[in-house]
Each structure stands twice: as structure tokens, then as C-alpha cells.
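Asker: fold the following and give me the result.
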Amino acid sequence: MATDSPATSQSGNSRKNQGPALQKAPATDLQSAERALPHAIGPEKSVLSSMFQDPQQFIGLAVENKLTAAHFYQPAHGSLYTILLELFEKNEPIELVSLSQTLMDRNLMASVGGPAAVTEIYTYSPTHAHYEHHLDIVKDKYVLRSVIQHCTEAITRAYDDQEEVEQLLDNVESQVLAIREGAERNKEETIADHMKTVIANFEAFIHRDEDSRGLLTGYSEIDKMSNGLKPGEMFIIAARPSMGKTSFAMNLVEHFCLDLNLPAMVFSLEMGAFQLVERLLYARARFDKSKVMKGFEPTKSDFLGIKRASEEIKDCKLFIDDTPGISINELRAKARRKKKEEDIKVIAIDYLQLMRSNSKQAQNSREREVAEISAGLKGLAKELDIPIIVLAQLNRGPESRVGSSGGGGKPRMSDLRESGSIEQDADMVGLLYRSAYYADNKEDRDEEDGKAELVIAKNRNGPTGDVPLTFIKEIMRFETRAWEPDQ
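Answerer: The predicted structure is shown next:
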């Protein structure tokens, strides 16, 4: 996040007595020439002085608190902190004489105020008892300057970009949440930082540490290939209509919410919330609803199963939004709020091509619109640091490959509809396929009935291949299936 400089942030003249003309210059309400941006020069000097005198203790605390040069209002203080941090990371001694020499060698002494300013800061704080309090003040003033900056930009955009209202709201909300939750990365991580994380994950994986795995799906072959769904990743599940992709997604959600007891959110653009909950109930109870429609009386065991399943579902943290034709900006806003309120651990979206984007560029190109939606969902996964499962529709490519010679209608990644960006943005792509749907005759359909596969066509963090499944149509459930000998 960029820090405001006095030159750029205090523009405009005071118009207190000009009545309606004030509306044409909104920035002057927030930042008039007579008002400096929030700052605390004394605490800034105190913090730096403590770092001079006990680098290991106080620069270490600053790093832990993600303090950066941008937090300092005085540019000279930010420059000085940058040098201190560099020396600290190189484990070089920090004391007045050598520091002054380093500044002169790099022609930076003038930029930090000269030798007198450096000496003044070195001796500024005789006690370190209030270091953390002063550090908090410095960070708080930075937050206030950031709020002013983003509000000023938002007001300017509200006047200039009046046709991009949804995009403006999305950007403003994202920026404000980033300030509030510290979502922006304040410390640039080095290769050494990343290497520590990689090695730690490798050791955890070798020892089969549960923390090294993502969310387990409950399907053993998928979990072996993916090691679980990781935070920040987008998992595309694509299929032709009637293949059962909604059922498969809800089977995953059921596992996360009821078996792993995790909060989850579903955006359903095709089916209503009532229908999804009904499916979830009957699948969990393993009850064939069609029996009732055909006049069969449920048994006592059926009633007990439904009652038990309803109690489980009633108490789980599953949140369903069935807004039809939801825009990417509205979905992102709702997801952010639910993440903040309920700490959701996974999101499922049914399905991508029913979403829309309201940006100007998207209005004239469906491919551009789908690309913006796909990129927006991948960005949301990274922002919220959770996996997002996105259902997508395939084009008619599989229908052109029916019969044994054509591959039996088996889908390919190139069958993804309307945009290659979906394939590019996804971390994992699974193509759901039921062979009976493309069988040439009734005998073959009967033989293939219930067989399904999830073709893992892309997997950034593991192998690709086919996952055998069984589809139990009566209860809308996919289950693990062992490979047959001839396969």
C-alpha cells in the first residue's frame, strides 16, 4: 500500500464558504491545505532510537509486527528504517559510527537528514519501556492515512466513473477490508523465507502431518492425487448437462460440513436453496425420494434415517446463496463478509457460466466476460486463503466423440465452454463423465449404468489421471469405485 506524501495528499483549496460548489471538489472535505495528514513524528523517532540501541530485540519486534518503511510519515525515517532492516537481515553490527559510514558510502546521508539528524534519533529515547506503545501509534497513524487515501480515491472515482458502480463498490470494499484485517502483505518475503516454508511443508508431508494436507474430499483417489484441496486454489469440476456435477459438488460440501464440521458457503445460480437442502437431506439419509412419488410407504428405518440426517444438517454451518445471475463483484462482496463473520473454509459455485460481469469490457465479449469471472474467482480464493470449487459447463465436444471409436464421449479439457482462461486460472480441473450416457445401445447402457469417472485433466500440484466413481442415481450420490481388472 502506497503511503501518502504531503505533496500529493493535501491538494486543493478550502471552499468552506462556496456552498454548492463544494460538491465539485470532494477531496477538499478530507484534505484541506490547512490540515496535515495524521502522523506522529515523536513516536517514529522513539521507535528508531530503540532499534539503534538494541537491534536484535526491537528490529525483531518490528519485523514480527510487519512494520515497513511505508508506515513512517517522514520519508527520512522510512529510509533509515530500510537501512536498519537490511543490516539486521545480514546480521551486521548496528551502531552509530558504522551506520553513518554506510549512509555516506551509499550517498544516503542527505536523504535521512544529515549526521545531526541521525545522532538526534540515536539519542532520542533514553528508555525503551514504551517501544510497543509507540510502535502501535506509528501503525495507527499509517492506517488513518491509508483510510484518507482510499476514501479520497473513492470519492474521485465516484465522480469520474459513474457507469462502473459495481466495480467501484467491489474495489472500495476490498481496500477497506485490506486495511482493517491487515490483508495486504507489509513485508516483502525473501527466497530464504519461502524456502523455510517449503522445507517445513516437505517435512510435514514426509511425516504424514495432517497440517501438510488440504481439505480432504472424502474420495480417496482424489485425495491421493491432490493431497487435499489447498487454500487459495480453484478446483474446476466440468461436465455436460445431466452428468451430476451439482450432486458431486454437494457430496463434497456435505463431507466438509457434516463429516469435517467446517463452515462452507454455496452459491447456487441454477437451483434454489430449498432444492439443494432437499437433495442434501435425502443423500445423507440415503433415501430414494422417487419411492414416495411412486406410492411406496417409507419404512420405520427410512423415517429414522431422515430424522437423523435432518438433525445433522440443521446444526451444520452451511450457507446457501441462490441469487440468480449473480455478478462476480456481488459474489466477492458476499464471500468476504461471510469469511469475516463465519470464517468459512470452502466455497462452491454452481455454475460459472451463469455468472456475469458488469465491467465495460465484458459487455461486448462473452469470452472476455467469462475470463474476468474466472480470474475474479481465482483472485478471491487467494484473497480469502480458502479453496473454491467451481462447476462449469462443457461444450458439445463429447457428443461428437460418441461410440467406442470416438472415445465414448469422454470429455477433454478443450471442451470447456467459452474461454480458455478457465483452464489457465484453475489449479485443478476435473471432468465428470458417465459412460452409460453415451452408450450405443441398451445392452451397453445397462452394463455401464452407475459407472462414472472424474478425469483429472489438470493438477498443478500432483498427477493427472482418471478417478473411478459410482453414481447412485436414486440418492444423487457419487461414491468411490475400485478399478475393474480390464482397466
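Asker: switch to C-alpha atoms for all contacts and neighbour counts from now on
Answerer: Noted.
Asker: what about Met250, how many residues nearby?
Answerer: Residues near Met250, counting by other C-alpha atoms under 10 Å, number 23.
Asker: one more: the one 3 residues further on?
Answerer: The local packing of Val253 (other C-alpha under 10 Å) involves 25 other residues.
Asker: what about the nearest residue to it once chain neighbours are set aside, neighbour count?
Answerer: Spatially, and ignoring its direct neighbours in sequence, Val253 is nearest to Ala264 (7.1 Å; C-alpha to C-alpha, 6 or more residues apart in numbering). Neighbourhood size, Ala264 [other C-alpha under 10 Å]: 23.
Asker: by mean pLDDT, flag the weakest helix or strand of the chain.
Answerer: Least confident helix or strand, the chain: helix 6-9 with a mean of 38, by mean pLDDT, DSSP states H and E.
Asker: now Phe267: which helix or strand?
Answerer: Following DSSP states H and E, one finds Phe267 within strand 264-268.
Asker: that strand pairs with which strands, parallel or anti?
Answerer: Partners of strand 264-268 in the sheet, by DSSP bridges, are strand 318-321 (parallel), strand 346-350 (parallel).
Asker: next SSE after that strand?
Answerer: Assigned by DSSP H and E, the successor of strand 264-268 is helix 273-285.
Asker: counting by contacts, list what that following helix packs against.
Answerer: Counting contacts by 3 or more C-alpha pairs under 8 Å, 6 or more residues apart in numbering; DSSP states H and E, helix 273-285 packs against helix 245-254, helix 300-315.
Asker: out of those, nearest to Lys458?
Answerer: With C-alpha to C-alpha as the criterion, Lys458 lies closest to helix 245-254 of those, at 17.4 Å.
Asker: got the contact list for Leu280?
Answerer: Shown in contact with Leu280 (C-alpha atoms under 8 Å, 6 or more residues apart in numbering): Met250, Asn251, Glu254.
Asker: for the first one, which residues are in contact?
Answerer: Read it as Met250. Under the criterion of C-alpha under 8 Å, 6+ apart, the neighbours of Met250 are Leu276, Leu280.
Asker: show residues contacting the one helix or strand Leu85 maps to.
Answerer: Here Leu85, judged by DSSP H and E, is contained in helix 75-89. Residues from elsewhere that reach helix 75-89, judged by C-alpha under 8 Å, 6+ apart: 44-45, 48, 51, 55-56, 59, 68-72, 93-94, 111-113.
Asker: just the buried ones out of these, please.
Answerer: When those are checked for burial by 16 or more other C-alpha atoms under 10 Å, the buried set is 44-45, 48, 51, 55, 59, 68-72, 94, 112.
Asker: residue contacts, the nearest residue to Gly272 once chain neighbours are set aside?
Answerer: Among residues not flanking Gly272 along the chain, Asp322 sits closest, at 5.6 Å (C-alpha to C-alpha, 6+ apart). By C-alpha under 8 Å, 6+ apart, the contact set of Asp322 is Phe267, Ser268, Leu269, Glu270, Met271, Gly272, Ala273.
Asker: also Ser220?
Answerer: So Ser220 contacts Thr480 (C-alpha under 8 Å, 6+ apart).
Asker: now with 7 Å?
Answerer: Contacts for Ser220 (C-alpha atoms under 7 Å, 6 or more residues apart in numbering) come out as none.
Asker: now Phe72
Answerer: Glu44, Gly78, Val138.
Asker: return the closest of those with respect to Leu216.
Answerer: Relative to Leu216, the closest of the contacts of Phe72 is Val138; by C-alpha to C-alpha it sits at 42.5 Å.
Asker: buried residues in the helix or strand that closest one falls within?
Answerer: Under the criterion of DSSP H and E, Val138 resides in helix 131-160. Residues of helix 131-160 classed as buried: 131-132, 134-135, 137-143, 145-152, 154 (neighbour count, 16+ other C-alpha under 10 Å).
Asker: excluding covalently adjacent residues, which one is nearest to the spatially most central residue of the chain?
Answerer: The residue lying closest to the centre of the chain (C-alpha atoms, centre = their mean) is Ala381, at 2.5 Å. Nearest non-adjacent residue to Ala381, counting by C-alpha to C-alpha, 6+ apart: Gly232, 4.4 Å away.
Asker: what strand or helix carries the one you found?
Answerer: Gly232 belongs to no helix or strand when assigned by DSSP H and E.
Asker: surely it meets Leu377?
Answerer: No: contact criterion C-alpha atoms under 7 Å: Gly232 and Leu377 do not qualify, at 10.0 Å.
Asker: which of the two has more residues huddled nearby?
Answerer: Leu377 (26 against 19).
Asker: look at Glu203 and report its pLDDT.
Answerer: In this prediction, Glu203 carries a pLDDT score of 66.
Asker: that older thread, distance-wise, check the residue nearest to Ala381 relative to Leu262.
Answerer: 17 Å (C-alpha to C-alpha, to the nearest Å).
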